[in-house]
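[1] below are the sequence and a predicted model; questions follow.
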Amino acid sequence: MDDSRNSNKEFNRALHNFTMDLASGDAIRHLADLGYTVREIREKLHYPTPIAQIKNVVWKKLVDDGTILLEDPATVSCSTKKTYETRKDEFGKTYFVQILDKGDSINPADYYRCDFGRMIYKDAKGFEDYISALNPREKEYLLNLPWPLCPVWHKLDERFSAIVRKLL
């Protein structure tokens, strides 16, 4: 009985995640690409999506596109970007194919080591003081990502370069 109940819970959770991603996943990823913060994305969505779901979709998108690396860029030989291509079968049905694109080699100087998850976990108030020099959108960007308790590396794009300059 417990096994069937656990299987049911897992199925329901998977179905819920699938439904939420189908309803708003693409919109979340698109708005994140445009530079919107998690709060701004939530305000733009017409489908009620929990903030935790938005945070997780944005985080996964940043990891998938190489903006955030989960391992030291000095040890990664080249970037791998995931993209999706739309195709049609012989009956005209549309489907997506995941394309893994091996990019150029990664330059470690293009990334900044972040240990924000551990900093937030140890001292949330101290972290808020640490980021006090940032503008509200930059603070929101940092505070609304699910930083892990281990270091990650964030690409020094325009947004993050400005954040790093203010933090240093």
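    Sure thing, it's come through.
[2] C-alpha only now, for contacts and for neighbours.
    Fine.
[3] could you check the pLDDT of the most centrally placed residue in the chain?
    With distances taken as Cα atoms, centre = their mean, the chain has W59 as the residue nearest its mean C-alpha position (1.4 Å). Predicted confidence (pLDDT) for W59: 94.
[4] for it, which non-adjacent residue is closest in space?
    Using Cα to Cα, 6 or more residues apart in numbering and skipping the chain neighbours, the partner closest in space to W59 is L145 (6.4 Å).
[5] N107 too?
    P73 (7.0 Å).
[6] give me the pLDDT value at that neighbour.
    pLDDT at P73 comes out at 88.
[7] residue contacts, it?
    Residues in contact with P73 (Cα atoms under 8 Å, 6 or more residues apart in numbering) are 106-108, 111, 153.
[8] so where does the residue nearest to W59 fall, helix or strand?
    Under DSSP states H and E, no helix or strand contains L145.
[9] give me the buried positions along the lengthiest helix in the chain.
    Longest helix in the chain by number of residues (criterion: DSSP state H): helix 2-20. By neighbour count on 16 or more other Cα atoms under 10 Å, the buried set for helix 2-20 is M20.
[10] which other residues reach that helix?
    Contacts of helix 2-20 (Cα under 8 Å, 6+ apart): T49.
[11] just checking, what packs against the following helix or strand past that helix?
    Using DSSP H and E, the next helix or strand after helix 2-20 towards the C-terminus is helix 26-33. For helix 26-33, the packing partners by 3 or more Cα pairs under 8 Å, 6 or more residues apart in numbering; DSSP states H and E come out as helix 38-44, helix 51-64.
[12] I'd like those helices written out as TSV, with distance to D157 added.
    Shown next, in TSV, are the helices and strands packed on helix 26-33 (distance: least, Cα to Cα, whole Å):
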stretch	distance to D157
helix 38-44	18
helix 51-64	12
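[13] so which of the ones you listed is nearest I131?
    helix 38-44 (17.5 Å; Cα to Cα).
[14] list the contacts for A74?
    106-108.
[15] closest one of these to D65?
    Out of the contacts of A74, the member with the shortest distance to D65 (by Cα to Cα) is I106, at 12.9 Å.
[16] give me the neighbour count for that closest one.
    A count of nearby residues for I106, using other Cα atoms under 10 Å, gives 17.
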